[in-house]
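A.B. asks: this one's structure only:
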């Protein structure tokens, strides 16, 4: 199932990935992780996509936009409708056109970083120097 980062922001699902799925389900969908963190929580890395687990269930999913154009599992398809070249204003317009209500997250906004939460999905859009950096969701 192909997805886009815009779909992820609106639904909280990144293609076949969603919060709460098990490690076995992720492995069945994406194969063995390309890299695994040595810290807790356990983080499985598939190029630009990271899945963090708590009690063997996906508790966080993040896509790092600067890598998404070149570094994704085939099973996720082409998700890079939003890229590292996407400006803050372009993304805000795109989200508004899709009916997404965004709220600034003050605790995650500082220096040259600005974070928005999509009200209906709780997905965070993180911008650094007014360029999209990452899209993620956590329980």
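C.D. replies: Thanks, I have it. All values reported here derive from a predicted model rather than from experimental measurement.
A.B. asks: going forward, measure contacts and count neighbours with C-alpha atoms only.
C.D. replies: Fine.
A.B. asks: which stretches of the chain aren't confidently modelled?
C.D. replies: When residues are selected by pLDDT under 70, those of the chain lie in 1-3, 66-70, 77-84.
A.B. asks: For residue 14, give the beta-bridge partners.
C.D. replies: Judged by DSSP bridges, the bridge partners of residue 14 are residue 17.
A.B. asks: Please report how far it lies from residue 27.
C.D. replies: 15 Å (CA to CA, to the nearest Å).
A.B. asks: of these two, who's got more company?
C.D. replies: More crowded of residue 14 and residue 27, by other CA atoms under 10 Å: residue 14, with 26 against 12.
A.B. asks: residues contacting the more buried one?
C.D. replies: 3-5, 7-8, 76 (CA atoms under 8 Å, 6 or more residues apart in numbering).
A.B. asks: And the furthest pair within these?
C.D. replies: For the contacts of residue 14, the farthest-apart pair by CA to CA is 7 and 76; their separation is 12.4 Å.
A.B. asks: Kind regards, and thank you for your time.
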